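1. what shape does this take:
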Amino acid sequence: MSRPGIPVAALAVVAGGVAAALHIGKLPPAVPALQASLGIGLVQAGFLLSLVQVAGMSLGLSVGLMADAIGLRRSMLGGLALLALAKAVDGGYAVTEPLLHDPWLAPLRDNPRFIEILRRAQARRDEALAVFRAEGGERLLGLPSAA
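-> The predicted model follows:
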């Protein structure tokens with residue numbers, strides 16, 4: 001008796017969900033900071049973090065309903081692309097030209113999350129350029145310094 005295997009697409013969706021959920025461990029370390037900054041106890045800090053989870057759950061519900069409207073495949077690919085792009089920018093990627101002109105990213109350019117990621121990438125680029133110039137990077141490369 002042969003058993004059907006798990007479809008590769010299903011495994012990809014589960015793996016994408018696990019990768020997206022890796023942010024969950026970031027909340028517990030915030031409890032002492034919440035307690036110290038707001039002067040509240042452990043129960044109150046836990047309640048505040050529960051509110052964050054409820055807000056995330058509510059947003060997930062509304063986004064899920066919108067995903068039905070635009071198609072599950074398109075919404076899944078768009079969400080994973082935004083997640084990967086945000087992780088890259090947060091990890092130090094600061095080259096904004098491909099983000100502005102790459103045709104693969106054209107469907108995302110009107111998305112408010114993409115616009116925020118682009119703004120963060122531009123800020124990182126400006127910061128890196130300022131440090132490069134302050135440390136004499138142009139001189140090291142033999143370029144005329146920008147005044």
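
2. not counting its neighbours along the chain, what's nearest the residue nearest the centre of the chain?
-> Centroid-nearest residue in the chain: A86, 3.2 Å away (criterion: C-alpha atoms, centre = their mean). The shortest distance from A86 to any non-neighbouring residue, by C-beta to C-beta, 6 or more residues apart in numbering, is to I117 (5.2 Å). No exception for glycine: its C-beta is placed from N, CA and C like everyone else's.

3. remind me which helix or strand the residue nearest to the centre of the chain belongs to.
-> Assigned by DSSP states H and E, A86 belongs to helix 72-90.

4. neighbours around R125, how many?
-> The local packing of R125 (other C-beta atoms under 10 Å) involves 16 other residues.

5. how about the contacts made by it?
-> 94-96 (C-beta atoms under 8 Å, 6 or more residues apart in numbering).

6. what residues sit buried inside the host helix or strand of the residue nearest to A86?
-> Under the criterion of DSSP H and E, I117 resides in helix 112-134. Neighbour counts over helix 112-134 (16 or more other C-beta atoms under 10 Å) mark 114, 117-118, 120-121, 124-125 as buried.
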